[in-house]
Each structure stands twice: as C-alpha cells, then as structure tokens.
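S.K.: coords below, sequence missing:
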C-alpha cells in the first residue's frame, strides 16, 4: 500500500500583527502627472487603465477638457491625443463606461458657469469623440449629478443648475439603443452623491441635500415591473421585518417641492437638441424607499471627514480619508450590506492610511475587487520644487478581497424578494443553476441510483475535535499535519458521505493530485478526513454547489464555515477561503466569535482574526461564558486573553454607571487594539444601539 497524501500544515494562531499582515501600498506615479483637479471625472476603464477628463484647477482657475490616462501596470500618466467632436471644457460632469470601450460624458459646467446637457462619446480604441443624434426632450443642464448605466439605459439623477445653484430632484434616462431621452420624473433632491443599480433597484447615497448639509439617508427605486419607467405608480405599503418596520409612503417629507423649469443659457456648448423639458414632473414610477442612519457602533461618521463611496460586491463602501482636520485614527473603511442594510467596519484608518498624504479621487475596477485612491504627498521636503501638493502623483492601491469582499462576479444574484432587515438571512448567493442540479445527487447512496462511486468519512460530531495544545506547540511552530487517509470503520468514524469522483477531481485540486498518483484511496474508493463530520459535509457540498450560503441541512452553522476556512487554507482553495471570510465577517456574534478568531488564526487570515478579536473584546463579558470560548485549547485561551491591551481593565460599579451616562464612545482608544473592556451591561446597551441606530421613512 502506498503512502497516504499529506496536507499542507497551517501556522499557529497569533494574537499580534505580523509581517504577513496586509497594508495597502502607496506608489509614486511618473509621466505627465495631472494637477489635483476639482470635479474632474476619474473612471476605471478595464485593462488596468484609469482615464481622467476635464476638471477645474483651483490654483490657476482654468477649466480643462484634457484626456489623461493612468496605466496601473507601469504607473505612468500620459496626455491622450483625441480627435473628432472634442467636447468643450467642463467640470462636474459624469463619464460612464459603456460596453467596455466607450466613455459616455454627460453635462457639467463650463468656464462661463453655464450648465451643460450634451452627450459626447469617447471611443477608447481610437480616442475619437462623437456627438450622437439625440432624440426626445433634452433634460436641463446640470453638474455634480450622478450617472449609472443599467440595461442599456444611462440614468441621470440629481445635480445642481441655474444661477442660484438650484438642487435638482430629477430622474431621467437616455436609451442607449435609440439615443432617446425619457421624460423627467421627481425622485430626491441631491448633488455630489453616488448612484448604482443592484437587485433591480436604483440606489442613491451620500451627497448634499436641499439644506446644503451632508445627507445620512439612502434611497432606492424599484425598477422591477417597470423597466421602461413608462408608467407612474404611487409608492405605498409597509414591509415588516423582525427588528424594524419600513414605511414607504412618506416620500414627500424627504423630497423638495417640484422646481420651476429653467431655460438653459445660450452659449458655445449647446446640447444635442434645442428642445428642453418644461413640464411639471410626476413622481418617479415604482416603489420608492428611504432609510436614514443616525448612529450606531458601526455607522460611519457621515458628517465628518472626506468620504468616498463606491458600490462593490453587493455592498456600499464608505471610505473616510484624512484631511486637514481629520487624522488617520479617525478614518475607516466601512461597508453597508445591501441585503440587510446594516453597516460593518472593515478596517480602521491607521490600517490603511499613512500620515502626510491627501486623497482626491477614488475609483474601483469592474470586478469590485480593487480600489485606487489618487492624491498627493504633503511632505514637501521630499518633493523638489514643492510641486507634489498640487499634483495627483501618489496612488494608494487597496485589495478589497483582503477585507472579505467577494467581487461583483460572486454577487450578481441579488435577492428577488424585497430587501429584508433580518440579520439571520444568508449572505451568499443561493444555490441555483447547475449547482442546484448537482446538489440533488449529493450524499445519495449508490442504491438510490445517484451514481455515487466514492465514500468519505470524518470524525463524528459528538466527539471533541478541538485543536489540542500539542498540535500547536510543534517544534517547527506550525500545526501538526492533518491528512486524509483510509481507515477502518470505528466508533469515532462518522457515517459515509456518498460523492462522485468526477466532481471531486474537477473541483478539488488536492483530490485530483491524490487520484493521479493512485494513492490508497484510488484503490479503496474511500477516504477519511480527520475533521468534524458537519464541516467535511459542508466542504463537500460546496464542491457540488460552489456556495457556502446557509442551508437547513448543510453549512447552516457559522462554526462549520469556520472549519471550512481551515480546510480552504490546508488545500489552497482561494475562492472557498474568500467565501468563508466574507460570511464569517458578516455573521460574527457572541456565540461564535472566539471560534472564528481561533480558526482565522489557524488559517493566517489576519484581517478576520483582528476583527473577531475586537468583537471578543467589545463583548468580553458574554464571550467568555459561551461554549465556543470554553472549547478553545489552553494555549488559544491564553493568546486570546493576551490580545487585551495591557492597560485594559474591567469597569464596574460607579464607573460603569458613568460610562453608561456618557456612552461607549466616551472611552477613548489608542488604536484598534487598545479597547478598554466594558461589563455585560455596557455590552447589552451597545447591542441595542446597533438595532436602534437608524430611522426608517
């Protein structure tokens, strides 16, 4: 009998930052570096190319129509020679990528303070501008609006216009198949905001409202059922969730009154047509909903700092960057889960930003896995000629997968039902298509006609399968090797899991290597994996379905997902690792936080490990009483306790009453690891704050 195949060993759990910890990198660009323009368009256009167009130079008072390209591979800026119907200078416009190789520019404001409503297209293959023949009623000129393309429609939302900078509540779209404008509807008055489409809904967040203050509410318009937005329906109805009630009928309280239509000024930059809408706008068709955020332990400080917003992976990213009045310690990267509309903190500012830099633009790739900040170096002692402060010479590259984001490719299947505010719902896409078909044959005995031709056993779930100290205290400093092997049935062996060799060979690289080498399992058609039965079954179910979403029978427990994370590290399966990190980060709770921390350490997932450790410290009084905490090995318990800062202490009695009076935020922290510990009463108040920190309208 040949030797059994060995799995790669993992590293022991750690409680401190290591050299392998991820930190976004800053690189200096070369070439024709542009000035830090105001209200230019900066767009990622695939193939690691970023294009900047237009903008206003606050130091020279010039408005530009230059096209510049940043190659992210060579980190060089270059001025692009462009041809055709070159548009006039502008700022506050939008440039939206269409069909992968075209930029559609709409609107903006020229050097004469005239608001534009023209549409110009830049072909990125030939760098030729074209002016399409536009039909329909041209919307009024505007700047600082939002634009998003969905199903060959360019949606335009909000903006400012007129001599007095009137804030528009307009919603309209340009049909990119017929190049015809739709009518204009009333939605919500906003400018400098972000718009995106997800789950057949048009979403709006950020920017400033009619009171000229930064908004804290998110709006969405249901596009399903009225893809052409041809009819008008009054939003109505109430959606009930376990924790919250969402009312959708009070839209008028948040919207400005219909604005009197103004005629555009005459000038050198005419729109594509001479006719401009001048009718009173009806309310946008489809159900309109709004949710306002007030406060909470994870809600970002929406009224302070410089915010960048971007949609990626089914979440809205909120990145607070340093400014003259905001330090990196006061910054963070947060994500709003669109499934549940709950905020979560992904990283603190000091984990992302270095002092001495200012960031002006943020752009994200089409897969939603990487983001880039463009800015300047404020340390002029290292910048000859003191020129860096006025130029976008620095690039901060952020790998979003390091923070558990799946990427847009894994988040396309948004739920068809109404948005639910239950924190218990699965966070990954449900099983569908081929995965659903294959799952019907999973773990079905050969006698049932399933065609199963291989059996895998594991350790019975009722046995203690926790990591022992002798597995961690190996001389090499790594976990002892865990290996699948053929074993005779015993009292500690689970029932067999019936699977198909072909699926395992195609989906599991380790199994393919093992089978190609004709190991013992090749001949016996059996394998034993020394991991808990529920974890192994969930892992095999993933091979069939490509999903770790909650299932009543498979992968229902977060603890099982944590075990799958360890297996993903052992077998070097990066997609499974990412899916596990994503779900674990969203479903951290008191019962599983200690186990997630320990499994993340075994898998070298330092970001998730820090996140779980912070959660444990915040809810320490409850965590230490859970079965998950008590199941940790002696060394893991010691390491988790050592995560507590040396100045940390338990607050009780009169001090606890003082803390309750001022709130948990009154306790200053030196950094992300320097959290003072509160008693269980403070824990309960913080938990309640998470649910009550939003107002729904």
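M.R.: Yep, that arrived. The structure displayed is predicted, hence computed values, not measured ones.
S.K.: rest of the way, CA atoms for contacts and neighbours
M.R.: Fine.
S.K.: and stretch 568-586, which residues are buried?
M.R.: Residues of stretch 568-586 classed as buried by neighbour count (16 or more other C-alpha atoms under 10 Å): 568-573, 576-586.
S.K.: tell me how many other residues surround residue 339.
M.R.: 21 (other C-alpha atoms under 10 Å).
S.K.: how much space separates it from residue 401?
M.R.: Separation of residue 339 from residue 401 (C-alpha to C-alpha, to the nearest Å): 19 Å.
S.K.: ok, and the closest non-adjacent residue to residue 372?
M.R.: Nearest-residue entry for residue 372: residue 397, 4.7 Å, with adjacent residues in sequence omitted and distances by C-alpha to C-alpha, 6 or more residues apart in numbering.
S.K.: which strand residues bridge the one you found?
M.R.: For residue 397, the beta-bridge partners under DSSP bridges are residue 25, residue 372.
S.K.: doesn't residue 23 make contact with it?
M.R.: No: applying C-alpha atoms under 8 Å as the test, residue 397 and residue 23 come out as separate, 9.5 Å apart.
S.K.: which one's more surrounded, those two?
M.R.: residue 397 (20 against 15).
S.K.: please report how far that one lies from residue 41.
M.R.: Note on residue 397: its distance to residue 41, by C-alpha to C-alpha, is 19 Å.
S.K.: how about residue 562?
M.R.: Taking C-alpha to C-alpha, one finds residue 562 at 42 Å from residue 41.
S.K.: residue 87 too?
M.R.: 14 Å.
S.K.: cool, and residue 176?
M.R.: According to C-alpha to C-alpha, residue 176 and residue 41 sit 20 Å apart.
S.K.: and residue 506, how many neighbours?
M.R.: Residues lying near residue 506 (other C-alpha under 10 Å) number 11.
S.K.: and stretch 287-300, how far out from the chain's middle?
M.R.: 17 Å (C-alpha atoms, centre = their mean, to the nearest Å).
S.K.: what do you get for stretch 497-512?
M.R.: Counting by C-alpha atoms, centre = their mean, stretch 497-512 comes out at 32 Å from the chain centroid.
S.K.: what are the buried residues along that stretch?
M.R.: Applying 16+ other C-alpha under 10 Å to stretch 497-512 flags 497, 498, 499, 500, 501, 504, 505, 507, 508, 510, 511, 512 as buried.
S.K.: and which of the residues you listed is nearest to residue 165?
M.R.: residue 507 (57.5 Å; C-alpha to C-alpha).
S.K.: what residues are up against that closest one?
M.R.: Counting by C-alpha atoms under 8 Å, 6 or more residues apart in numbering, residue 507 touches residue 543.
S.K.: helix/strand/coil for the closest residue in space to residue 506 that isn't next to it in sequence?
M.R.: Using C-alpha to C-alpha, 6+ apart and skipping the chain neighbours, the partner closest in space to residue 506 is residue 512 (7.2 Å). When classified by DSSP: H, G, I helix; E, B strand; the rest coil, residue 512 comes out as helix.
S.K.: ok, now residue 301?
M.R.: Counting by three-state DSSP, the backbone at residue 301 sits in coil.
S.K.: is residue 154 in a bridge, and if so with what?
M.R.: On the basis of DSSP bridges, residue 154 is bridged to residue 149, residue 174.
S.K.: hey, which helix or strand in the chain has the poorest pLDDT?
M.R.: strand 238-240 (a mean of 30; mean pLDDT, DSSP states H and E).
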